[in-house]
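Q: Pasting the sequence and the predicted model now:
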Amino acid sequence: MAARPRAGVRRSPRGRRGRYAALALAAVTVGAVVVVARNSACASALPQQSGGALAADTRFYLDPYSAVGYWDAHNTANPLEPAIASRIGDIPSGIWFTQYDPDRIATQIRQITAQAAAENTVPVLVLYDIPDTNCSTSSGAPSVAAYESWVSDFASGLGDHSVIVIVEPDALSLESCLSAQQAAARNGAIAYAGSAVRKADPNARVYFDAGNSSWNSASVQAQRLAAADVTTSANGIFSNVSNFLPTANEVAYDEQVLADLGSNSSLHIVIDTSRNGNGAGNTWCDPAGRALGLTPTANTGNALVDAYLWVKDPGQSDGCAASAGAFDPQLAYALIANGPGGAPTLAATTTATKSTA
């Protein structure tokens, strides 16, 4: 099989979110400040209409327990901290749920959705615990039945709040590592997840895995999405999660996936733009020279594209620059420095403390 840049076999983000239990115990005073995501020059130049299913002025929820927020709160004297706090820490990104925790998941979701509703913001929630995650038999929920029960608990906490749910990055793109029986079980679990969320919360928008434009062909990905019942269990597809491919490439690819799916024209698109400001590097794993991409916005100017989102946390290692899932301030600062406006060159970048929070 030819080498490919991919979102797969990436970060094992379990270290990223001990979520509300672990980080709350750490008594981090990050504050649940709502920040309206600042649009880049490219975003502000777009027509002042969404085109997609979300209002153009949609604000996304800023997680007060994010890994970058934890690092900021504990590294205020670090010379990298001001830039990281303002350019990454103040920008909403996806909240990943990566642990099989049926005793806590519903309560966690209720806390998030209630706070987001009070702030009139939309949280981006990422399910990432399907059995054999990233083709590893030691990862994910203990069984498909357990996973579906966990997803039901997740859905029960949503209420009727507006929310975006990203269902299992890589799960469909990586199905070639599974047997036919395993793939069928996975397809059923993904379909179940989408249906459970949409049934529990009529205001939820659910998106299934389309991989990225340098991975599977659009026709292959469409076949896998169809097998997971995307047309009736989801509102659309997502791509480029944890990757670096240019937004224009992803839009064109995703539009072709939808075309290959055929009859259901109601499916829409969201794209991860967190680290794609300079396009792809020479590896999928922490490539050098990358930059922050377009900040989260629903003002896409494209009738099929609901939003550009930061699904992957910028500065969180893929597993090469630091351990998978660790927040690496040097990676974060490089993403800032390599993009428009840059950042000051500081000697401290060679010795900045890393965090595994």
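A: Structure received.

Q: where's Val68, which helix or strand?
A: helix 67-74 (DSSP states H and E).

Q: Beyond that helix, next helix or strand please.
A: helix 81-84.

Q: Which strands and helices lie in contact with that next one?
A: The contact analysis (3 or more CB pairs under 8 Å, 6 or more residues apart in numbering; DSSP states H and E) places helix 81-84 against helix 67-74, helix 329-337. Placement of C-beta: from N, CA and C, glycine included.

Q: Redo these as CSV? Include mean neighbour count.
A: Rendered in CSV, the data for the helices and strands packed on helix 81-84 read as follows (neighbours: other CB atoms under 10 Å):
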stretch, mean neighbour count
helix 67-74, 24
helix 329-337, 23
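
Q: CSV please, covering these and showing mean pLDDT and distance to Asn243.
A: Compiled in CSV, the helices and strands packed on helix 81-84 are given as follows (pLDDT from 0 to 100; distance: least, CB to CB, whole Å):
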stretch, mean pLDDT, distance to Asn243
helix 67-74, 97, 19
helix 329-337, 97, 14
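
Q: which regions of the stretch 1-150 of the chain lie under the pLDDT threshold?
A: 1-51 (pLDDT under 70).

Q: if you set the cut-off to 50 instead, what comes out?
A: The stretch 1-150 of the chain contains residues with pLDDT under 50 at 1-48.

Q: what ranges do the strands span in this structure?
A: If DSSP state E is used as the criterion, the strands of the chain fall at 95-97, 124-127, 163-167, 204-209, 236-239, 268-272, 305-309.

Q: Measure how the third one sits relative to strand 268-272, angle-wise.
A: Strand 163-167 and strand 268-272 are oriented at 80 degrees to each other (axes from the mean of the first three to the mean of the last three CA atoms, to 10 degrees).

Q: helices and strands around strand 163-167, which ones?
A: Using 3+ CB pairs under 8 Å, 6+ apart, strand 163-167 sits against strand 124-127, helix 180-200, strand 204-209.

Q: ditto for the longest one
A: Helices and strands in packing contact with strand 204-209 are listed as strand 163-167, helix 180-200, helix 230-233, strand 236-239, strand 268-272; criterion 3+ CB pairs under 8 Å, 6+ apart.

Q: Please look at Ile130 and Arg186 and confirm they touch.
A: Yes: contact status for Ile130 versus Arg186: in contact at 6.4 Å, counting by CB atoms under 8 Å.

Q: joint contacts of these two?
A: Taking CB atoms under 8 Å, 6 or more residues apart in numbering as the criterion, Ile130 and Arg186 both touch Ala171.

Q: Let me know the angle separating the helix holding Val68 from helix 329-337.
A: Using the same axes, to 10 degrees: helix 67-74 against helix 329-337 is 110 degrees.

Q: With just CA atoms, put helix 67-74 into CSV.
A: As requested, C-alpha coordinates have been extracted for helix 67-74 and formatted as CSV (Å, rounded to 0.1, in the frame of the first residue of the first chain):
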residue,chain,number,x,y,z
ALA,A,67,-5.2,21.0,27.3
VAL,A,68,-3.9,24.4,26.0
GLY,A,69,-5.9,26.1,28.7
TYR,A,70,-4.4,23.9,31.4
TRP,A,71,-0.9,24.6,30.0
ASP,A,72,-1.5,28.4,29.9
ALA,A,73,-2.8,28.5,33.4
HIS,A,74,0.4,26.7,34.7
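
Q: No further queries at this time; thank you.
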